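**Student:** predicted model and sequence below, questions to follow.
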Amino acid sequence: MKRRDGRQGGSSALRGIGAAPGVAIGPAYLFERGRVRTPRYHVPQAELDAEIERLSAAFVLGEQQLAAVQERVEREELGAATLRGPREYGLIVEAQRAMLRDQAFVDQIAALVRQEQLNAEWALRRVVRDIKGRLGQSEDEYFRERRDDLDFLADRVVRNLLGQSVDLPQIPPDGCILVCHELSPADATILLLEGKVLGLVTDTGGKTGHTALIARARNIPAVVGTVNAASLVSRGQSLAVDGAHGLVLIDPSPDELNDLRAGQEAQRVQANELSSYASLPAATTDGVRISLLGNIEFPEELQQALTNGAEGIGLYRTEFLYLNRTTLPSEEEHYRTYRGLLEAAGPRPVIIRTFDLGMDKIPMGIKHREDNPRLSAPSCAPCCAPPRMEICRSCFRWSRDRPSCAKPAPSSRPCGPSWPVRASTWPIGSRSGS
């Protein structure tokens, strides 16, 4: 390998995607579960019912395992005196639990078991492969990265089917740089919340993945998508991670470390200087007051927005509730998510936008297509048309319950739903009676 300046010798450099800014220097700690081998075999007709029962039991067990992970994470978060809500990182695990509770997902696998007399493990991989293929056709990077979530989910269920251990994560030492091929949402939630990891390097992933999201929320410098870091780095080897520029140095020289530390100190000074302005009111030079609100995609991003001076949430995207599932989220699921965000925001305003997916990125649970997806109604029609008014009803419920969640805002700032840009009131006006 070559140095950053292209010369041979000295330190080696790996390039990836800067997923969380900052500089971290420390010894490498390799974490790897390894992809489970999936067997394939024929199931006799007389044993198909038992095979499907085995499949269902593996899904139930997987949901119970993730429930235990979520409980542990939320228990640790409750002990932290921060502005974030107690379900901040637990919601990431909750999303995976929802997928395991998706009966339509299980039924699709069971149908393949019966039709082709396949074992449950192989049928699961087949169905997941098909769903990943559809997600891979999306132009949106966020949707493409959800394919990794499906793989992690399938690994968990396959391990349960094979009777293998699942949630036995290795505990990294203090002050290490965690290096791995890939990191599941459950592992990332546990390992990065321990407070032992200084930096993160992965072979796969992107900026919109759950691992990157958690790293940013925890201010852990991270570089993802390096392709082969896990195979090139040895445990204990000295690493320097530059999350802002997507750079990983292996065995950095003293001069390179000095440069990085100088840059790190400059970033720290700048961040401290900027943070001193975060609590100041936003106003123009002639005294006009401006309300500065955050734009978030996950509840986990609320704390970062508030820390940086946001006075509330002006746009909360709801698309994540619809991903990687074949059935739509229930009204209660919407309500729990929005209420949790509301409680975490306290008296601050929160505006929830109905999902803006469009027919080019339609959730698997909505069986509707348009000849020209760019001209389709992004979310208004699906949200307003029975029986899919869950998001509307849940927004009204949490708006109604706001006084019991937190003290009312001192001003009349809005708290409620928002719609994507429309050229007319259709279909909202046509459904107002509902």
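**Tutor:** Cool, got the structure.

**Student:** geometric centre of the chain: which residue is closest?
**Tutor:** Note on the chain: the residue nearest the mean C-alpha position is His210, at 3.0 Å, using Cα atoms, centre = their mean.

**Student:** which ones are touching that residue?
**Tutor:** 92, 149, 185, 188 (Cβ atoms under 8 Å, 6 or more residues apart in numbering). Where C-beta positions appear, they are placed from N, C-alpha and C, glycine not excepted.

**Student:** 6 Å - rerun?
**Tutor:** By Cβ atoms under 6 Å, 6 or more residues apart in numbering, the contact set of His210 is 92, 185.

**Student:** which residues in the protein form helices?
**Tutor:** Counting by DSSP state H, the chain has these helices, from start to end: 48-78, 90-100, 103-116, 120-136, 141-162, 185-193, 210-217, 229-232, 254-278, 302-307, 331-345, 380-384, 390-400, 402-405.

**Student:** quick one, which of those helices is packed in tightest?
**Tutor:** Among the helices of the chain, helix 210-217 has the highest mean neighbour count (mean count of other Cβ atoms under 10 Å), at a mean of 25.

**Student:** tell me how far the nearest residue to Ala212 once chain neighbours are set aside lies from Ser12.
**Tutor:** Among residues not flanking Ala212 along the chain, Ala19 sits closest, at 3.7 Å (Cβ to Cβ, 6 or more residues apart in numbering). Taking Cβ to Cβ, to the nearest Å as the measure, Ala19 falls 20 Å from Ser12.

**Student:** out of the two, which sits in the busier spot?
**Tutor:** Using other Cβ atoms under 10 Å, the more surrounded residue of Ala19 and Ser12 is Ala19, with 26 against 17.

**Student:** what sits against the more buried one?
**Tutor:** By Cβ under 6 Å, 6+ apart, the residues touching Ala19 are 207, 212, 222, 224.

**Student:** of the residues you listed, which is the nearest to Glu331?
**Tutor:** Glu331 lies nearest to Ala212 out of those, by Cβ to Cβ, at 30.4 Å.

**Student:** how close does the closest one get to Ala222?
**Tutor:** Distance, Ala212 to Ala222, using Cβ to Cβ: 6 Å.

**Student:** got it, and Asp286?
**Tutor:** Note on Asp286: its distance to Ala222, by Cβ to Cβ, is 41 Å.

**Student:** more neighbours: those two, which one.
**Tutor:** Applying other Cβ under 10 Å to Asp286 and Ala222 shows that Ala222 carries more neighbours, namely 32 against 5.

**Student:** show me what Gly18 is bridged to.
**Tutor:** Beta bridges link Gly18 to Val223 when assigned by DSSP bridges.

**Student:** go ahead and confirm it touches Gly246.
**Tutor:** Yes - with contacts counted by Cβ atoms under 6 Å, Gly18 reaches Gly246, the gap being 3.8 Å.

**Student:** what is the neighbour count of Asp174?
**Tutor:** Neighbour number of Asp174 under other Cβ under 10 Å is 10.

**Student:** separation between it and Leu198?
**Tutor:** 9 Å.

**Student:** what do you get for Ala46?
**Tutor:** Distance of Ala46 to Leu198, computed by Cβ to Cβ: 56 Å.

**Student:** who has more neighbours, these two?
**Tutor:** Leu198 (22 against 7).

**Student:** surely that one touches Ile25?
**Tutor:** No - the pair Leu198 and Ile25 fails to qualify as a contact (Cβ under 6 Å) at a distance of 7.5 Å.

**Student:** break this structure into its domains for me.
**Tutor:** 12-31+169-278, 45-162, 294-431 (automatic domain parsing).

**Student:** of those domains, which is nearest Thr38?
**Tutor:** Here domain 45-162 is closest among these (Cβ to Cβ), at 5.0 Å.

**Student:** ok now the closest one, how far from the chain's centre?
**Tutor:** Put simply, domain 45-162 sits 14 Å off its chain's centre (Cα atoms, centre = their mean, to the nearest Å).

**Student:** any idea of the mean pLDDT in stretch 239-247?
**Tutor:** Per-residue pLDDT over stretch 239-247 has a mean of 93.

**Student:** measure stretch 213-232 end to end?
**Tutor:** End-to-end span of stretch 213-232 (Cα to Cα, to the nearest Å): 25 Å.

**Student:** and it, average pLDDT?
**Tutor:** Average pLDDT, stretch 213-232: 88.

**Student:** pull the contacting residues for the closest residue to Pro39 other than its chain neighbours.
**Tutor:** In space, Pro39 comes closest to Glu121 once its chain neighbours are excluded; the distance is 5.8 Å by Cβ to Cβ, 6+ apart. By Cβ under 6 Å, 6+ apart, the contact set of Glu121 is 38-39, 158, 161.

**Student:** would you turn those into a markdown table with distance to Arg144 and pLDDT?
**Tutor:** Below are these laid out as a markdown table (distance: Cβ to Cβ, whole Å; pLDDT from 0 to 100):
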| residue | distance to Arg144 | pLDDT |
| --- | --- | --- |
| Thr38 | 23 | 91 |
| Pro39 | 29 | 92 |
| Val158 | 23 | 93 |
| Leu161 | 27 | 94 |
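
**Student:** specify which member of those is nearest to Ala278.
**Tutor:** Among these, and counting by Cβ to Cβ, the member closest to Ala278 is Val158, at 46.1 Å.

**Student:** residue contacts, that closest one?
**Tutor:** 36, 38, 121.

**Student:** and it, how far from Asp151?
**Tutor:** 10 Å.

**Student:** again with Ala262
**Tutor:** Taking Cβ to Cβ, one finds Ala262 at 40 Å from Asp151.

**Student:** for Gln65, see how far away the residue nearest to Pro39 is.
**Tutor:** From Glu121 across to Gln65, the span is 17 Å (Cβ to Cβ).

**Student:** before we move on, what about Ser234?
**Tutor:** For Ser234, the distance to Gln65 - Cβ to Cβ - is 31 Å.

**Student:** one more: Gly175?
**Tutor:** 29 Å.

**Student:** please apply the same query to Ala215.
**Tutor:** Ala215 sits 23 Å away from Gln65, taking Cβ to Cβ as the criterion.

**Student:** quick revisit: dump the contacts of Glu121 into JSON lines; add distance to Gly309 as well.
**Tutor:** Listed next are those as JSON lines, based on distance: Cβ to Cβ, whole Å:
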{"residue": "Thr38", "distance to Gly309": "49"}
{"residue": "Pro39", "distance to Gly309": "54"}
{"residue": "Val158", "distance to Gly309": "46"}
{"residue": "Leu161", "distance to Gly309": "49"}
